[in-house]
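A.B. asks: next comes the sequence, and after it the predicted model I'd like to discuss.
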Amino acid sequence: DNIASVVLRFVKILDLQDGLESVGGIPTGLAGAKVLAETLQDNRSLAELHARGQVFGDEGAEVIAAALGAGNRLATLDLVDNNITELGAQAFANAMLLTNVHLTHLNLSSNCLGDNGCK
């Protein structure tokens, strides 16, 4: 574990407006999404995650979506402007079908979801 992932286990609301680099040097893009997904594993504290403009893309969205059913309590996920298309949106839709997902608010605005990604 790096220092950021240890600290993130005790935070209830995380707002990354200043970028992931501001939290222990976590990179943006897919690498940052992987760090966040690892942090979500069995995280009982984090309830809100605001990660706007982190350039996660579809691969990052898929990694984060897969972590939603991993014993965490995340209720709000804000991924505005992250280069997510209908593929990433589909990953979240599939994750929402799991019975142990607590997510009630998902913000994917300002991404390129297209008509199919909004269904």
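C.D. replies: Here it is on my side, so go on. Residues are numbered from 1 along each chain as shown.
A.B. asks: in the protein, what helix or strand scores lowest on average pLDDT?
C.D. replies: Lowest mean confidence among the helices and strands of the chain (mean pLDDT, DSSP states H and E): helix 3-8, at a mean of 61.
A.B. asks: so the residue most central in space within the chain, which state does it fall into?
C.D. replies: Most central in the chain under Cα atoms, centre = their mean is residue 64, positioned 4.7 Å from the mean C-alpha point. State at residue 64, reduced to three classes by DSSP: H, G, I helix; E, B strand; the rest coil: helix.
A.B. asks: doesn't residue 38 make contact with it?
C.D. replies: No - counting by Cβ atoms under 8 Å, residue 64 sits too far from residue 38 to count as a contact (10.4 Å). Yep, even glycine has a C-beta here, placed from its N, CA and C like the rest.
A.B. asks: contact partners for residue 66?
C.D. replies: Neighbouring residues of residue 66 by Cβ atoms under 8 Å, 6 or more residues apart in numbering: 37, 91, 95.
A.B. asks: cutoff 10 Å now
C.D. replies: Residue 66 is in contact with 37, 40, 91, 94-95, 98, counting by Cβ atoms under 10 Å, 6 or more residues apart in numbering.
A.B. asks: perfect, I'm done here.
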